[in-house]
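Colleague: Pasting a predicted model and its sequence here:
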There are 2 protein chains.
Amino acid sequence: MLTKSADAVGHLFDDATRVAAGDSRWRGHTSEDYWAFVGPFGGVTAATMLRAIIEHPQRAGDPLALTVNFCAPIAQGPFDLDVRLIKANRSTQHWSVELTQNGADVATFASAVFAARRPSWSHQVARPPKAPPFEQTRPYPKSSLNMSWVRQYDFRFVEGEPQLGGPPHAKPGGAFSTLWIADSKPRPVDLLSLMSMSDAFFGRIFHVRNEFVPFGTVSLTTYFHAGADDLAGENISHVLAVADAKIFYRSFGDQSGELWSPNGRLLATTTQMAYFKA
Amino acid sequence: MLTKSADAVGHLFDDATRVAAGDSRWRGHTSEDYWAFVGPFGGVTAATMLRAIIEHPQRAGDPLALTVNFCAPIAQGPFDLDVRLIKANRSTQHWSVELTQNGADVATFASAVFAARRPSWSHQVARPPKAPPFEQTRPYPKSSLNMSWVRQYDFRFVEGEPQLGGPPHAKPGGAFSTLWIADSKPRPVDLLSLMSMSDAFFGRIFHVRNEFVPFGTVSLTTYFHAGADDLAGENISHVLAVADAKIFYRSFGDQSGELWSPNGRLLATTTQMAYFKA
């Protein structure tokens, strides 16, 4: 079994999401390895905020839901995380995290629900996507993409691979994709990387229009359907993911996605709203 | 055209979601007309928190995303709303709202993104559900449901009508429903009622098991795909909705839903995680 100590030490993802504890205020630093258009890749910012809660001494249970609102660009450099336990019940915790830089306004705001995942009746309604194994799927060539975060992931499209670099679509193309996602340097999938991967889809509008347009996620919500122990038991380094969109309207569009284990287990679901200029 | 002044005055929904402005602290009161198992119907609580932002003098633009985390039961009686503008940009605002009672811990926590909905390229990817008109669909009989909030809505199932009261399913039934939702006393659908309706689905687990089990939403996120002016232009008093679930696992299950205008326009999408005991 892959273990965190054996494989994650020195991984860029762990460097990028490192936090140092203070009292209520924690510290982090942006990573050039996970940079997007005009700031850090949102998935790593979300994972960093999640890490600050997970590593908090008062944390109990596993994350159930994390919502991250991207309020303003984050500049290269250090940032502060104000981590607050809003309410704790017997088996549930509610948290908020505010990310600020140099005492300025909040740049990113997160709220989270943690819970003790007790045994219960269970039923997986959704069906896993059909796909050839990861090893038999061609890696997506990233030479045309000039963003460092994209290089940290190994994307392998099963359906809906974008043809970016070709001409824009004359009429809207499909918004749906099925793809494998792995860290380029293999790393066991844990709650933190699952959080980051839940934001690691190309903007749906790039697929639909087959071109880059100014784009930025404004709100991201991810639900976890596996606990830390479930993920450790899965012992995987890649997930099978689907993403889709329902609407693009008046400068904002949505995205929904699912992250599956190769064994056909639903690990996380995610939705987001994103700004676009088109 | 229905107007708010003509039809909404004296509507129980507007009574239930009324807020009185303070400085940063606003006041509201629970409504016996929208009561659920052990507290107020979550949709009305969410709509009340949204109303406090919409009526705030600093509010600009339309709601884009609202996430509500239900932290603890709300008791019958008055409550305080601490409304905070976290960050304002040129065309986007980020808000939080904390609901407390008698100075105790936070009972409900919300974060919201508002934005100026500027004209843009648009594309509706999702297809509206097929359904006979509202007027030709049979209202769901609610005699077996002993919750006041249910009486405030006129549910008309097109697909997946629950047979609650009959024996529980021996094996899991379907989680998917298509239904019309209207206020029992007609009221023009606005952003507030859309927010409330986005939580007005029966718990998916009731459908799947065909029985009531202890159940409560812990986190709810709704995205708005129409502005206040779009909704006024639609001039509708009912929406066509679909709801589904992907998984029930270790005491928590998800729900996702869509709310459509009768004219085939996607107005809102919603997801939630809920606790269950089964």
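Modeller: Received it, and whenever you're ready, just let me know what you need.

Colleague: I'd say A:Phe212 and A:Leu164 touch.
Modeller: Yes: using CB atoms under 8 Å, A:Phe212 is in contact with A:Leu164, at 7.1 Å. For the C-beta atoms, the positions are set from N, CA and C on the backbone; glycine is no exception.

Colleague: Return the set of residues that bridge with the spatially closest residue to A:Thr108 that is not a sequence neighbour.
Modeller: Using CB to CB, 6 or more residues apart in numbering or on different chains and skipping residues adjacent in sequence, the residue nearest A:Thr108 is A:Leu99, 4.0 Å away. Under the criterion DSSP bridges, A:Leu99 forms beta bridges with A:Leu81, A:Thr108.

Colleague: what about A:Leu99, neighbour count?
Modeller: 24 (other CB atoms under 10 Å in any protein chain shown).

Colleague: tell me the pLDDT at it?
Modeller: The model reports A:Leu99 with a pLDDT of 97.

Colleague: who touches it in this structure?
Modeller: A:28, A:45, A:49, A:74, A:79-81, A:106-110 (CB atoms under 8 Å, 6 or more residues apart in numbering or on different chains).

Colleague: and what of A:Gly166?
Modeller: Applying CB under 8 Å, 6+ apart, we find A:Gly166 in contact with A:Asn210.

Colleague: Enumerate the residues of the stretch 51-200 of chain A near chain B.
Modeller: Within the stretch 51-200 of chain A, the positions lying close to chain B (CB under 8 Å from any CB of the partner chain) are A:64-65, A:67, A:69, A:71-72, A:86-87, A:89, A:92, A:94, A:96, A:98, A:105-107, A:109, A:111, A:113, A:115, A:117-126, A:172, A:175.

Colleague: can you do 7 Å?
Modeller: Applying CB under 7 Å from any CB of the partner chain, we find that the stretch 51-200 of chain A lies next to chain B at A:64-65, A:67, A:69, A:71-72, A:86-87, A:89, A:92, A:94, A:105-106, A:109, A:111, A:113, A:115, A:117-126, A:172, A:175.

Colleague: buried subset of those residues?
Modeller: A:64-65, A:67, A:69, A:71-72, A:86-87, A:92, A:94, A:106, A:109, A:111, A:113, A:115, A:117, A:120-121, A:123-126, A:172, A:175 (16 or more other CB atoms under 10 Å in any protein chain shown).

Colleague: tell me the SS of the residue most central in space within chain A?
Modeller: Chain A has A:Ser196 as the residue nearest its centroid, 2.5 Å off, counting by CA atoms, centre = their mean. Taking DSSP: H, G, I helix; E, B strand; the rest coil as the rule, one finds A:Ser196 in the helix state.

Colleague: Hmm, it is touching A:Gly42, no?
Modeller: No: with contact defined as CB atoms under 7 Å, A:Ser196 does not reach A:Gly42; the gap is 8.8 Å.

Colleague: Surely A:Gln93 and A:Leu85 touch.
Modeller: Yes: using CB under 7 Å, A:Gln93 makes contact with A:Leu85 at a distance of 6.3 Å.

Colleague: more crowded one of the two?
Modeller: Under the criterion of other CB under 10 Å, the comparison of A:Gln93 against A:Leu85 puts A:Gln93 first, with 23 against 16.

Colleague: what helix or strand is that one on?
Modeller: Taking DSSP states H and E as the criterion, A:Gln93 maps to strand A:92-100.

Colleague: before we move on, what about A:Asp229?
Modeller: If you go by DSSP H and E, A:Asp229 is part of helix A:228-234.

Colleague: Equivalent analysis for A:Thr48, please.
Modeller: A:Thr48 belongs to helix A:42-54, assigned by DSSP H and E.

Colleague: elements contacting that helix?
Modeller: strand A:62-70, strand A:78-88, strand A:92-100, strand A:108-115, helix A:191-197, strand A:215-224 (3 or more CB pairs under 7 Å, 6 or more residues apart in numbering or on different chains; DSSP states H and E).

Colleague: which residues are in contact with it?
Modeller: Residues outside helix A:42-54 that contact it (CB atoms under 7 Å, 6 or more residues apart in numbering or on different chains): A:16-17, A:19, A:26, A:28, A:31, A:34, A:59, A:63, A:66, A:68, A:70, A:74, A:81, A:83, A:95, A:97, A:99, A:108, A:110, A:112, A:149, A:191-192, A:195-200, A:217, A:220.

Colleague: buried stuff in the helix or strand hosting A:Ala241?
Modeller: Secondary structure from DSSP H and E places A:Ala241 in strand A:238-244. Residues A:238-244 are the ones in strand A:238-244 that count as buried (16+ other CB under 10 Å).

Colleague: again, but for stretch A:27-46
Modeller: Here stretch A:27-46 shows A:28, A:30-31, A:33-36, A:39-46 as buried, counting by 16+ other CB under 10 Å.

Colleague: What's the end-to-end length of that stretch?
Modeller: End-to-end distance for stretch A:27-46, by CA to CA, to the nearest Å: 14 Å.

Colleague: now it: mean pLDDT?
Modeller: Over the span of stretch A:27-46, the pLDDT mean works out to 94.

Colleague: hang on, the earlier thing: would you show me how to pick out the buried ones of the contacts of helix A:42-54 in PyMOL?
Modeller: Buried residues within the contacts of helix A:42-54, by 16+ other CB under 10 Å, are selected in PyMOL with:
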select buried, chain A and resi 16+17+19+26+28+31+34+59+63+66+68+70+74+81+83+95+97+99+108+110+112+149+191+192+195+196+197+198+199+200+217+220
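
Colleague: Need the outlier residue of chain A, farthest from its centre.
Modeller: A:Ala170 (30.8 Å).

Colleague: quick one: that residue and chain B, what's the gap?
Modeller: Distance of A:Ala170 to chain B, computed by CB to the nearest CB, to the nearest Å: 13 Å.

Colleague: wait, what's in contact with that residue?
Modeller: With CB under 7 Å, 6+ apart, A:Ala170 has no contacts at all.
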